[in-house]
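Enquirer: Got a predicted model here, sequence first, then my questions.
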Amino acid sequence: MVEAVVLASKSPRRAELLQQIGLRFEVMAADIDETPAASEDAQQYVRRMATEKAMAVVALAPNRAVLAADTSVIVDGEILGKPENRRHAETMLNLLSGRSHQVMTAVALYADGQLRQALSVTEVNFAVLSSAQISAYLATGEADDKAGSYGIQGAAGYFVQHLAGSYSGVVGLPLYETAALLSEAGIGLE
Ligand SMILES: Cc1cn([C@H]2C[C@H](O)[C@@H](COP(=O)(O)OP(=O)(O)OP(=O)(O)O)O2)c(=O)[nH]c1=O
């Protein structure tokens, strides 16, 4: 029997999304340093992060197919990752209020000695957020572990006036691109 793909992620959202497309997988997360390098742009950063997450797990399970992803929010060329604390999250939400930003998710798949990558870029338009709305949202705790300090799939869903791109990519794993990578690597969905 072919062994299940390993999802190199501690994100419950990524596991849920992968379940949605019927892939048999198990989870093995590896911690990596997520500090952006001074010289890299957002696209290079998310690609490098997804690759490093995958390769950290390949080092632990060398004969398995390993899938990983990385999501960042980009506004004015600035990369917004997960907030350090509530104040940081508040600053990010004020920055995103009333304008559009990009959400980039890179996916990396290592299988049969080959690394494949895909990138999903989505344009998201936020309504103007009042300070009361931001405070109420921060109190839900949903911002704490998410890039850009919001989760489109939760209470922040109503901040979004318009989206062009991949909804699943914003949540953390673009399903079209992921299925295409799996198919290229000859890994079938059930
Ligand atoms: C923008 C946005 C991000 N997110 C989440 C997806 C990711 O879990 C997180 C971005 O952080 P990541 O560093 O990409 O992922 P992670 O640390 O949560 O998990 P791992 O590295 O182990 O795979 O933000 C949402 O859930 N909804 C959203 O709308």
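Expert: Looks like it arrived, so ask away. Numbers count the residues shown, from 1 in each chain.
Enquirer: CA only for contacts and neighbour counts going forward, please
Expert: Noted.
Enquirer: So is stretch 141-159 next to the ligand?
Expert: Yes. Residues of stretch 141-159 are located near the ligand by C-alpha under 6 Å from any ligand atom, namely Lys146, Ala147, Gly148, Tyr150, Gly151, Ile152.
Enquirer: now what about stretch 54-69, what contacts it?
Expert: If you take C-alpha atoms under 8 Å, 6 or more residues apart in numbering as the criterion, stretch 54-69 is touched by 3-9, 28-32, 49-51, 53, 105-112, 172-173.
Enquirer: Give the rounded mean pLDDT of the helix ranked longest in the chain.
Expert: Within the chain, and with DSSP state H defining each element, the longest helix by residue count is helix 42-60. Across helix 42-60, the average pLDDT comes to 97.
Enquirer: follow-up on the earlier one: would TSV of the residues of stretch 141-159 next to the ligand with pLDDT, secondary structure and neighbour count be doable?
Expert: Shown next, in TSV, are the residues of stretch 141-159 next to the ligand (pLDDT from 0 to 100; DSSP: H, G, I helix; E, B strand; the rest coil; neighbours: other C-alpha atoms under 10 Å):
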residue	pLDDT	secondary structure	neighbour count
Lys146	97	coil	21
Ala147	97	helix	24
Gly148	98	helix	28
Tyr150	98	coil	27
Gly151	98	coil	19
Ile152	98	coil	17
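Enquirer: Can you tell me the element His101 falls in?
Expert: In the assignment (DSSP states H and E), His101 maps to strand 100-111.
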